[in-house]
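S.K.: the sequence and its predicted three-dimensional model are supplied below.
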Amino acid sequence: MQERVIKAPSDVDFKWVGTRQIRPDGVEKVTGRAQYGADFNMPGQLVGLVLRSPHAHAKLLKIDASKALKLEGVKAVVTRDDFVEHDSDLMAAGEMMVSYKDISRNVMARDKVLYEGHAVAAVAATSRAIAKKALKLIDVEYEVLPHVIDEMEAMQPDAPLLHDDMITAGVNPPPSKPSNVSKQMEFVLGDVEKGFADADFVIERTFKTSPVHQGYIEPHACVANVSADGYADLWGTTQGHWVVRAHCARLLGWDISRVRMTSSEIGGGFGGKTVVYLEPLALALSKKSGKPVKMVMSREDIFRASGPTSGATVKVKIGAKKDGTITAGQADLFYQAGAFAGSPVSQGAMAAFAPYDLEHVKVVGVDVVSNRPKVAAYRAPGAPISEYAVESVIDEIARKIEMDPIALRLKNAAKEGTQAAYGPKLGPIGMIETLEATEATEHYKTMLGPNQGRGIASGFWYNIGGQTTVNMSLNEDGTFNLIIGTPDIGGLRASVAMMAAEELGVEYNRVRPTIGDTQQLGYNFLTGGSRACFSSGMAAVEAARQIKEEACRRAAKMWDIPEDAVDYENGWIRPAGDNAGAHEPISINEIGKMAGKTGGAIVGSSKINAQGAAPSLGQHLVDVEVDPDTGKVTVLRYTVIQDAGRAIHPSYVEGQYQGGAAQGIGWALNEEYIYNKDGKLDNASFLDYRIPVASDLPMIDTIIVEVPNPNHPYGVRGVGETAIVPPMGAIANAVADATGLRFTSLPMSPPRVKKAIDEARAAGDPNLKV
Amino acid sequence: MAHVTLVGNLRQFADGIGELEVEATNIRQLFAKLSERFPALAPHLEDGMAVAIDGEIYQEALFQTIKDDAVVHILPAIPGG
């Protein structure tokens, strides 16, 4: 791995920021003692299991659990009758507006089941064996309905209708009849028709992507314990325990204050753990049984019932001049939402052309429901799909005019001041810097062998801030406890502690960070949107500044001098200025020791709604080799080049880059949901749903480019999501370079690649290179 | 006066007007004035919208200051993943 950081000029020499410190959770993790979601147990706990629909689409006529309840060891059964009916569509849940009508129906089917695996009942019993037996005793009567899986088929007028009341929003005038299209949207910049008229040539292609799962290794898991007085403790794996708490309380009709949630260590989320599946069921079962209830999702249930990202159909049309100037970009996006409205199509639409400075853009996004699990967020929700399609056509333009693909991108690159198609003008961004860094790599200059190809693609993600609360306290010995509210997925505790230590001018290992529960802090939005390091870092810096100010006040009191005659520097409080007098400096350790006698505990408490997040741009450069006999694509070499703003802990930034590339390789080459004619998933296991394993991957090189975000005290942009955006385009472009064939469907799995090569060979395609 | 652009479908709910001038010193005032003028727009402003002020995107920030002559875009909020 290249440990290479291209640093921005800085007037400050940081002591901790930009270094590679040991993570505070490291020992627990490598010794196997860290508690993940399924590791927590309570005395007397019951085992909860879910009965799921065997049908893709059916009316739920009757649920009779009486036989199951008579089985010895069965303590409770919950069904649709145990959940509050939500008629109103949208309600606030923290920073999100969500449809509790849909969430409620997704966690427990009400009048219909809408996908295979949809929950219809849940059981709590004294053992797993008894719970499994009880599930078989629940009598469910279905009326099977026709189903639809593909998004384009779901839009046909005669397609089976999932929701009788779904009238397409965003169409004027509104349609008179319901359909499976929940929403349509349009983003327009300039006049695309004029742009196409100015072009020397236009390339138009249609792409198809499969839904792909986040592939977190740790399953969804929780333990719920509702006490006799109605107060509940919930322990589990999540990207946002305040969000889960709110969802559960709303779904069950409880006050939010009745639920306390503690987040466990998390074994991967990638957006898939921002929603609820088991948690409200476990709480309902615990309340009914009066016992703690533990629930763990099987891998098969994760595939059948939890949300992947959307599959989609994307039509892209780009006009360009012979010198490489892009004159117009247009895209129509049709995204699967799963069984309930709400795909990430608007983010995909806004991001589609975002890496480029274009005068004329038009993107239409369409949100389509079908009989699949409701989609969930997956790193940079929506953007990888649309940008894969655009990056493929950009590559075709470069080949057509025989222009270097980096030079073409540089010619059209977005930069500070570019009017983005989604509205605002962009601030400082690293598109040009990352392209130039890519061009300078040794990787880009190496020769390729037979059947080998090289591809590049760009990627954009917005990044967000949001509600964030941290508490920091100075201990009696001068150490610090730091409580953070955003679950630590990728090294957050270390990174935030490093920023706090930098701000306080103390040793890193004197700051002990932990993730607090919902009882310990004010509201925290979830870890997602690449916001946790940005937002919790910003909040921790503010909390550290409060402690410094209070330390100065205490020292001033002890010296009987004005507060403004005191300075804080590197863990020492010193008299400063003409009115200070002569006093020996006091260390922050001494201030901590004296805190009780000088006014009580010294605590920094920061509660912010972090703003000023800035986009991160990246480039992926990949070499592949295609076996023309088997169709297998082998990734030979891979380099990720991305703008981090400033890398607080470069190792964790590199980890995010490598992880995005690894997941993207799976998305590009192997991962897909395979449904049979009955609408049932045929590959609901890691054996048949092929995520990359170590032997499928080369060492992924990384280059961190730093174009600091001026809105963050340490320049952080957020890095977790951009890295999943370019891989599919980069690999598709490399495969096109190797084979001479343009693949417009994902995944580019061996059977598909072999079929395309065989057909091209049979047809005497002059473009075929293998 | 802020120069306001309604991005995407929002103009449908504003009598087809995509660009307009609004006297507002913060986002709360901006939303209130737009809602008063275009009642059909009101529920959408409460439904997960972000506001870009001179290129800087703000989410859930009602009291964010809007300077005179600022360029403002109202666009769909960005979710987390």
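M.R.: That came through, no problem.
S.K.: who's in contact with residue 79?
M.R.: Let's take chain A. Contacts of A:T79 were listed using C-beta atoms under 8 Å, 6 or more residues apart in numbering or on different chains, and they are A:63, A:65, A:108, A:120-122. Placement of C-beta: from N, CA and C, glycine included.
S.K.: try chain B instead
M.R.: A:96, A:344, A:347, A:377, A:381, A:464, A:528-529.
S.K.: residues from chain B in reach of chain A?
M.R.: B:5, B:7-9, B:12, B:46-48, B:52, B:54-61, B:64, B:71, B:73-81 (C-beta under 8 Å from any C-beta of the partner chain).
S.K.: before we move on, the earlier item: ok, so of the contacts of B:P79, who is nearest A:R409?
M.R.: A:Q347 (21.6 Å; C-beta to C-beta).
S.K.: can you tell me the closest non-neighbouring residue to the closest one?
M.R.: A:G382 (3.9 Å; C-beta to C-beta, 6 or more residues apart in numbering or on different chains).
S.K.: touching, the one you found and A:G342? I think so.
M.R.: No: counting by C-beta atoms under 8 Å, A:G382 sits too far from A:G342 to count as a contact (11.1 Å).
S.K.: who has more neighbours out of the two?
M.R.: Neighbours per residue (other C-beta atoms under 10 Å in any protein chain shown) separate A:G382 from A:G342, with A:G382 holding more: 31 against 22.
S.K.: per-residue pLDDT, that one?
M.R.: A:G382 carries a pLDDT value of 96.
S.K.: so which residues of chain B form helices?
M.R.: B:27-37, B:42-45 (DSSP state H).
S.K.: ok, the stretch 101-250 of chain A next?
M.R.: A:128-137, A:151-154, A:192-198, A:241-252 (DSSP state H, counting those that start in this stretch).
S.K.: for A:A124, give the beta-bridge partners.
M.R.: A:G48, A:A76 (DSSP bridges).
S.K.: can you give me the distance of it to A:N225?
M.R.: A:A124 sits 12 Å away from A:N225, going by C-beta to C-beta, to the nearest Å.
S.K.: just want to know which of these two has more residues nearby.
M.R.: More crowded of A:A124 and A:N225, by other C-beta under 10 Å: A:A124, with 31 against 22.
S.K.: verify the stated contact: that one with A:G44.
M.R.: No: A:A124 lies out of contact with A:G44 (C-beta under 8 Å); the separation is 11.7 Å.
S.K.: quick one, what contacts A:E436?
M.R.: So A:E436 contacts A:L410 (C-beta under 8 Å, 6+ apart).
S.K.: please give the number of neighbouring residues around A:T438.
M.R.: A:T438 has 25 nearby residues by other C-beta under 10 Å.
S.K.: right, I mislabeled it, should have said A:M185
M.R.: If we define neighbours as other C-beta under 10 Å, then A:M185 has 23 of them.
S.K.: any idea of the pLDDT on whatever residue of chain B ends up closest to chain A?
M.R.: Residue of chain B nearest chain A, by C-beta to the nearest C-beta: B:G80 (2.5 Å). Note for B:G80: predicted pLDDT of 71.
S.K.: which phi and psi values does it adopt?
M.R.: Here is the backbone geometry of B:G80 (degrees, to the nearest 10): phi -100, psi 160.
S.K.: can you list residues touching both of A:G382 and A:G342?
M.R.: With C-beta under 8 Å, 6+ apart as the test, A:G382 and A:G342 reach no residue in common.
S.K.: the helices of the stretch 101-250 of chain A: which one's closest to A:G267?
M.R.: It's helix A:241-252; of these, that one is closest to A:G267 (C-beta to C-beta) at 15.7 Å.
S.K.: name the helices or strands packed onto that closest one?
M.R.: Packing partners of helix A:241-252 (3 or more C-beta pairs under 8 Å, 6 or more residues apart in numbering or on different chains; DSSP states H and E): strand A:90-93, helix A:100-107, strand A:232-236, strand A:259-263, helix A:279-289.
S.K.: next one: it to chain centre, how far?
M.R.: 20 Å (C-alpha atoms, centre = their mean, to the nearest Å).
S.K.: try stretch A:629-640
M.R.: 26 Å.
S.K.: helices or strands next to the helix or strand bottoming out on mean pLDDT in chain B in the packing?
M.R.: When the helices and strands of chain B are scored by mean pLDDT, DSSP states H and E, helix B:42-45 comes last with a mean of 87. If you count contacts as 3+ C-beta pairs under 8 Å, 6+ apart, helix B:42-45 packs onto helix B:27-37.
S.K.: write out the residues of the stretch 451-600 of chain A neighbouring chain B.
M.R.: A:462-467, A:525-531.
S.K.: so the residue of chain B closest to chain A makes contact with A:G529?
M.R.: Yes: counting by C-beta under 8 Å, A:G529 is a contact partner of B:G80 at 3.4 Å.
S.K.: more neighbours: these two, which one.
M.R.: Higher neighbour count among B:G80 and A:G529: A:G529, with 33 against 25, using other C-beta under 10 Å.
S.K.: sorry, back to before: most packed of the helices and strands packed on helix A:241-252?
M.R.: helix A:279-289 (a mean of 26; mean count of other C-beta atoms under 10 Å in any protein chain shown).
S.K.: lovely, talk soon.
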